[in-house]
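Q: Got a predicted structure plus its sequence, pasted below:
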Amino acid sequence: MSISFNYSNALPFMQEHEVTYLGDFVKAAHEMLHEKKGPGSEYLGWVDLPLQYDQEEFARIKAAAQRIRSNSEALIVIGIGGSYLGARSAIEALSHTFHNQMVGKTQVYFAGQNISSAYITHLLELLEGKDISLNVISKSGTTTEPAIAFRILRDYMEKKYGKAGAKSRIFATTDQAKGALKTLADKEGYESFVIPDDVGGRYSVLTAVGLLPIATAGIDIDQMMAGAAAAAQKYNNADLATNESYQYAAVRNALYRKGKTIELLVNYEPSLHYVSEWWKQLFGESEGKDQKGLFPAAVDFTTDLHSMGQYVQEGRRDLIETVLSVKKPQIEVTIQEDESNLDGLNFVAGMTMDEVNKKAAQGTRLAHVDGGVPNLIVELDELNAYTYGEMVYFFEKACGISGLLLGVNPFDQPGVEAYKTNMFALLGKPGFETQRDELNKRLSDSTQ
Ligand SMILES: O=P(O)(O)OC[C@H]1O[C@](O)(CO)[C@@H](O)[C@@H]1O
């Protein structure tokens, strides 16, 4: 197994027993997940997914990815939230840093994750002259942002390839039976993939939602599922003393009880930036409810040490840091001796950049602990498709346990509706007339 969890640098801030006393609560949460009996129990399909997924659909995903790779220079992936972040996190974590600029690679671009006219216009400009395919992903099929992008890109595809040509290049990932996107996909004859009813968006990266774009980018999804399956077996154990995914859940819960309100996920590899974005949705949407929950934030070190480092070291002391660390670098680069040594750095000549990066991480950890920030480490032996799959499951399982320990339903997201209702009312959607008048009055009062 290639993930380990270490919380020794949280122990200056709490007693070990504050974690071990949570053991029985963790066990109860484990039973709720495995016996499908806690809050949100209708959304527990992710728990056993890596061990029993639809092999026929998996083969279709690989075949579709192969077809896209053979006839398209670029795949446009339309989706938002859980229908976006998992695929992007895997592709950025596991591909060449400049994947989309490399000759001979199938490029992957994302759309529908904002409502920016500049973004979609610039994307269309970039696509000019390229052969493309489209994967539109939405569980509900009615989310505004991807629906607007799909209108524009579908129209673009139909003008470029004709209706029949576009049909063979558009792939829909959505509910298996219902919803606007499913209806449209059936009507138009798009090849469809399923987001299972019992898997929520933020837990869906190991379904077709993530797998089709990830496979199209050339990443080995067999390995990814194998890693996730190994993790599903390893973390299927109620014992807090040995289950490190549950230890992570319990430690962050213990620190939250001591007044820590913000968790920073820290990486030292730019390729992990979108893993943090994925993690933020996973924990933020799962735990931020009933006026509770650690606020999940993220920093990319050492880059952000030069912008956020001051705050982490000396600002308000309500932070914890969780470092997502990678033991073995993907690539080694050795720093050269410089004759003039004007920068005074000849003392690192002969070391690899990763050795310097690791020393930066160690020094930062000790400094931040001295500054009052508990430090947790989730370490991957190396970063590849297999360990990515393991990591996804490690965090998903921890998140389920953590939410149940917090006393919330970790699998719903009722709070997301408030902005949607206001937006629809302000846009004049039929049925929202009363709210519209109220909101317009509030807006005009506040501008007077
Ligand atoms: O796949 P859908 O239904 O478009 O939803 C996208 C995202 O929007 C949310 O439903 C929030 O509105 C997330 O939970 C979800 O991941």
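A: Okay, I see it. Only a predicted model underlies this, so the values are computations on that prediction, with no experimental measurement involved.
Q: And the pLDDT for Gln448?
A: Note for Gln448: predicted pLDDT of 66.
Q: likewise Ala217?
A: Listed pLDDT for Ala217 reads 98.
Q: Number of residues surrounding the nearest residue to it once chain neighbours are set aside?
A: Of all residues beyond its chain neighbours, the one nearest Ala217 is Ile91 (4.6 Å), with distances taken as C-beta to C-beta, 6 or more residues apart in numbering. Just so you know, the C-beta spots here come from the backbone N, C-alpha and C atoms, and that holds for glycine as well. By other C-beta atoms under 10 Å, 23 other residues sit near Ile91.
Q: next one: phi and psi at the residue nearest to the spatial centre of the chain?
A: Residue closest to the average C-alpha location in the chain (C-alpha atoms, centre = their mean): Trp278, at 1.6 Å. Backbone torsions for Trp278, taken as degrees, to the nearest 10, come to phi -60, psi -50.
Q: just checking, what packs against the helix or strand hosting Met391?
A: Assigned by DSSP states H and E, Met391 belongs to helix 385-406. On a contact count with 3 or more C-beta pairs under 8 Å, 6 or more residues apart in numbering; DSSP states H and E, helix 385-406 meets strand 3-6, helix 23-34, helix 45-48, helix 85-94, helix 221-234, helix 244-257, helix 273-287, strand 375-380.
Q: Those: which one's closest to the ligand?
A: Smallest distance to the ligand across the helices and strands packed on helix 385-406 (C-beta to the nearest ligand atom): 5.7 Å, for helix 273-287.
Q: other SSEs contacting that closest one?
A: If you count contacts as 3+ C-beta pairs under 8 Å, 6+ apart, helix 273-287 packs onto helix 85-94, strand 262-267, strand 295-300, helix 385-406.
Q: The longest one and the ligand, are they touching?
A: If I follow you right, that is helix 385-406. No - Helix 385-406 is not in contact with the ligand by C-beta under 6 Å from any ligand atom; minimum separation 13.4 Å.
Q: Pull that helix out as CSV, backbone CA atoms only.
A: C-alpha atoms of helix 385-406 as CSV (Å, rounded to 0.1, in the frame of the first residue of the first chain):
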residue,chain,number,x,y,z
ALA,A,385,-2.6,6.2,-11.8
TYR,A,386,-2.7,3.4,-9.2
THR,A,387,-1.8,5.7,-6.3
TYR,A,388,-4.2,8.4,-7.5
GLY,A,389,-7.0,5.8,-7.3
GLU,A,390,-5.9,4.9,-3.8
MET,A,391,-5.7,8.5,-2.7
VAL,A,392,-9.2,9.2,-4.0
TYR,A,393,-10.6,6.4,-2.0
PHE,A,394,-8.6,7.4,1.1
PHE,A,395,-10.1,10.8,1.1
GLU,A,396,-13.6,9.7,0.1
LYS,A,397,-13.7,7.3,3.0
ALA,A,398,-12.2,9.8,5.4
CYS,A,399,-14.8,12.3,4.3
GLY,A,400,-17.7,10.0,4.9
ILE,A,401,-16.5,9.1,8.4
SER,A,402,-15.6,12.7,9.2
GLY,A,403,-19.0,14.1,8.2
LEU,A,404,-20.8,11.4,10.3
LEU,A,405,-18.5,12.2,13.3
LEU,A,406,-19.5,15.9,12.8
